[in-house]
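Chemist: model this:
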Amino acid sequence: MKSAPTATGADPNSHERGTLPEEFQQYKVPREDRSALIDPAVDILIDQLQTPFDFAGMQALEFCGKALNEARQHARDEVIELARSFTAKYRNINGTGDPFAPIVMSGHQPELFHPGVWYKNFLLSHLSQRTGAIAINFLVDNDVCRKTAIRVPSLAANNSIVTQTVAFDSQREGVPWEQRRLNSWETWHAFPEAVKAALIPGDWEPLVDELWPDATESLQRTNRLGLAIAEARHKLEARLGLNTLEVPLSDLVGTRAFARFSIQLLSELPRFQDVYNLQLQRYREAHHIRNHAHPVPALDQDAGWLEAPWWIYRASAPQRKKMWVRLLNDQLILSDRAGWQAVIEGRLDCDNAATQWLELLSDGICIRPRALLTTMYLRIMVSDLFIHGIGGGKYDQLTNAIMREFFAITPPPMAVATATLRLPLSTDIANDWKTASAADTADRIRTERQQIWQLKFNADKFSDVVDERLDNEVTQLTERKAQLLANIPERGNKWEWHNEITAINGRLRELSTSYIGDSRQTIDKLNQLQRQQKILESREFSFCLFPKDYIADALEVI
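Modeler: Numbers count the residues shown, from 1 in each chain. Just a heads-up that it's a prediction; the model follows:
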């Protein structure tokens, strides 16, 4: 039987639909080990790439005076060239650079992510091989690097399963990945051995051993932490037979096509902001979301400034700040309102304004799109199909709504893909701790708590609650109580009857107290077991902990 993940397509099992509107569907993480979610199904994605979306039918849509098909071809040419030249710096590139081939894209932060994220890259390559499409993964290096460590499942001294945090660099204030440099070579070099020392003993070598020499070479060459991890992973993919290109977002947004796209949106920022905020409110209402930061904050206005969905930072001040804009006649005034400001003259002369935008970038100003804007650009201007993980798939439904309203177009296709793959722990470890699932243990905990409640407030029904633990005394007491209740004496003759009932209830409470203590001890043990089961069942451990052949085989797309 083939050991690749089981894929689910657009059917009732692939996502749960509640009362949400059709365009606001939900997606469900696959629960079973070695299983996958692909929505729509692979065959549909292949058909979409072989019969590309009809962008040509949107000729009324222009960007900076150019028809959409012309603007798209320009953007695609730039991205293909960027991706080929970037990838060629560290590995051989195969396949065509045909500018008219369909493009399938995905992206993620340059992290040591879990196999479910990595699965998208396997799907990219699979679709490329099946359709001749150019597969490009972009590195979201404008996101903040918040952690330089991974969680590793370990055995504690008492043989219980815990997680340890193993760092590949010392922690520092969060800055975008493109600005993150290494703090500690000592921590970096010690990482593979530290991982293996922490990892639950097994009969395999984790991928980190193969990954880290390439990552070290890249780090020495680029001095960029995110690139080092991404390039090492991409080299590994080449050895596994995957054929994709990669490009950092920080390079991609330096293209003239993206500059023109940005000038167009900023010139229409008041209307764009209105549409953005209105569709965000609708999305929140549909999902019953009260958190004003989810999935993204609304765009603000203040003292004549309009907030735009870009970030601004510099190498000398790498903390991301909001970009604020004023439209004054034919000027675009850009500012972070924290000491930096620039003016783009003649915003209606798009090519000239785009040149000024690119000059800002060449001066070291990092103007980077936020998530919604990033995928909006890539889906409208570059790709024929974009593949998200579950989180991206959810928020990009908001992108769809904005595109429908602002551009008056049918959103180009997107897909959602992820997989669940658990570490192949040894049989002994699994048998010791995984006697049932964490969900089964949660059910047992609920049962024990219900028993405690019954014992506290229904001591007279003690035998019904703990019938599996009854002894002769409890049986005799409950039977005698039943007899007494069935034969209540007349008024005036209840003294002895009342004393006996009181004594029985008192004794049952004493016995229930003992059983409550037993139940609490059982709950404590079950809680410990559940914590360990959750670790064993986690799909969140980094791909670098897995054995190479196992993970490569498991993530192969059907």
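
Chemist: the residue nearest to Ala167 when sequence neighbours are not counted: how many residues sit nearby?
Modeler: Closest residue to Ala167 apart from its sequence neighbours, by CB to CB, 6 or more residues apart in numbering: Ala149 at 4.0 Å. The C-beta positions use only the backbone N, C-alpha and C, and glycine is treated the same way. The tally of other residues near Ala149 (other CB atoms under 10 Å) stands at 18.

Chemist: what's the helix or strand harbouring Thr447 packed up against?
Modeler: Assigned by DSSP states H and E, Thr447 belongs to helix 438-457. Where contact means 3 or more CB pairs under 8 Å, 6 or more residues apart in numbering; DSSP states H and E, helix 438-457 is packed against helix 462-465, helix 495-537.

Chemist: the following helix or strand past the shortest one - contacts with which helices or strands?
Modeler: Read in the C-terminal direction, the helix or strand following helix 462-465 is helix 472-486, with elements assigned using DSSP H and E. Using 3+ CB pairs under 8 Å, 6+ apart as the contact test, the elements touching helix 472-486 are helix 462-465, helix 495-537.

Chemist: quick one: average pLDDT of stretch 102-115?
Modeler: Mean pLDDT, computed over stretch 102-115, is 97.

Chemist: likewise stretch 318-327?
Modeler: Across stretch 318-327, the per-residue pLDDT values average to 96.

Chemist: ditto for stretch 538-553
Modeler: Here the average pLDDT along stretch 538-553 is 96.

Chemist: now do the same contact list for the residue nearest to Ala167.
Modeler: Taking CB atoms under 8 Å, 6 or more residues apart in numbering, we find Ala149 in contact with Thr165, Val166, Ala167, Phe168, Gln171.

Chemist: about what we covered before: now the helix holding Thr447 against helix 495-537, angle please.
Modeler: Put simply, helix 438-457 runs at 160 degrees to helix 495-537, going by axes from the mean of the first three to the mean of the last three CA atoms, to 10 degrees.

Chemist: lowest-confidence helix or strand of the chain?
Modeler: strand 6-8 (a mean of 43; mean pLDDT, DSSP states H and E).

Chemist: now the element after that one, going C-ward?
Modeler: Following strand 6-8 toward the C-terminus (DSSP H and E): strand 35-39.

Chemist: buried set for that following strand?
Modeler: Ser35, Ala36, Leu37, Ile38, Asp39 (16 or more other CB atoms under 10 Å).

Chemist: how far is that strand from where the chain is centred?
Modeler: 14 Å (CA atoms, centre = their mean, to the nearest Å).

Chemist: now the farthest one out in the protein, which residue is it?
Modeler: Gly492 (73.9 Å; CA atoms, centre = their mean).

Chemist: for stretch 180-196, buried residues please.
Modeler: Applying 16+ other CB under 10 Å to stretch 180-196 flags Arg180, Leu182, Thr187, Trp188, Phe191, Pro192, Ala194, Val195, Lys196 as buried.

Chemist: on that earlier part again, A helix includes the residue farthest from the centre of the chain, no?
Modeler: No. Per DSSP: H, G, I helix; E, B strand; the rest coil, Gly492 lies outside any helix segment and is coil.

Chemist: strands of the stretch 201-350 of the chain, residue ranges please.
Modeler: Here the stretch 201-350 of the chain has its strands, by DSSP state E, counting those that start in this stretch, at 245-248, 301-302, 305-314, 317-328, 331-335, 341-344.

Chemist: so in that sheet, which strands flank the shortest one, and in what orientation?
Modeler: Strands adjacent to strand 301-302 in the sheet, as given by DSSP bridges, are strand 305-314 (antiparallel).

Chemist: tell me how many other residues surround Asn487.
Modeler: Neighbourhood size, Asn487 [other CB under 10 Å]: 8.

Chemist: find me the pLDDT at it, would you?
Modeler: For Asn487, the model assigns a pLDDT of 87.

Chemist: so it versus Lys481, what's the distance?
Modeler: 11 Å (CB to CB, to the nearest Å).

Chemist: what's the span of stretch 479-493, first residue to last?
Modeler: With CA to CA, to the nearest Å as the measure, stretch 479-493 spans 21 Å from end to end.

Chemist: starting at the chain centroid, how far to that stretch?
Modeler: 65 Å.

Chemist: so where's this protein uncertain?
Modeler: Applying pLDDT under 70 to the chain flags residues 1-23, 56-57, 59, 96-97, 427-436, 438, 454-471, 514, 558.

Chemist: what's the helix or strand for the spatially most central residue of it?
Modeler: What sits nearest the mean C-alpha location of the chain, by CA atoms, centre = their mean, is Gly391, with 5.1 Å. Element membership of Gly391, judged by DSSP H and E, is helix 390-407.

Chemist: what pairs with the helix or strand that that helix is followed by, parallel or antiparallel?
Modeler: Remark: after helix 390-407, the chain's next helix or strand is strand 414-420, criterion DSSP H and E. Strand pairing for strand 414-420, using DSSP bridges, gives strand 35-39 (antiparallel), strand 385-388 (parallel).

Chemist: the first one to helix 390-407, inter-axis angle?
Modeler: Computed by the same axes, to 10 degrees, the angle separating strand 35-39 from helix 390-407 equals 0 degrees.

Chemist: got the CA coordinates for the next helix or strand after strand 35-39 in PDB?
Modeler: The helix or strand immediately downstream of strand 35-39 is helix 42-50, counting by DSSP H and E. C-alpha atoms of helix 42-50 as PDB (Å, rounded to 0.1, in the frame of the first residue of the first chain):
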ATOM      1  CA  VAL A  42      -5.400  17.600  -7.300                       C
ATOM      2  CA  ASP A  43      -7.200  16.700 -10.600                       C
ATOM      3  CA  ILE A  44      -9.100  20.000 -10.400                       C
ATOM      4  CA  LEU A  45      -5.800  21.900  -9.800                       C
ATOM      5  CA  ILE A  46      -4.200  20.200 -12.800                       C
ATOM      6  CA  ASP A  47      -7.200  21.100 -15.000                       C
ATOM      7  CA  GLN A  48      -7.000  24.800 -13.800                       C
ATOM      8  CA  LEU A  49      -3.300  25.000 -14.800                       C
ATOM      9  CA  GLN A  50      -3.900  23.300 -18.100                       C
END
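
Chemist: okay, angle between helix 42-50 and strand 414-420 too, please.
Modeler: 140 degrees.

Chemist: list the buried residues for helix 42-50?
Modeler: Val42, Leu45, Ile46, Gln48, Leu49.

Chemist: try stretch 418-429
Modeler: Thr418, Ala419, Thr420, Leu421, Arg422, Leu423, Pro424, Leu425, Ile429.
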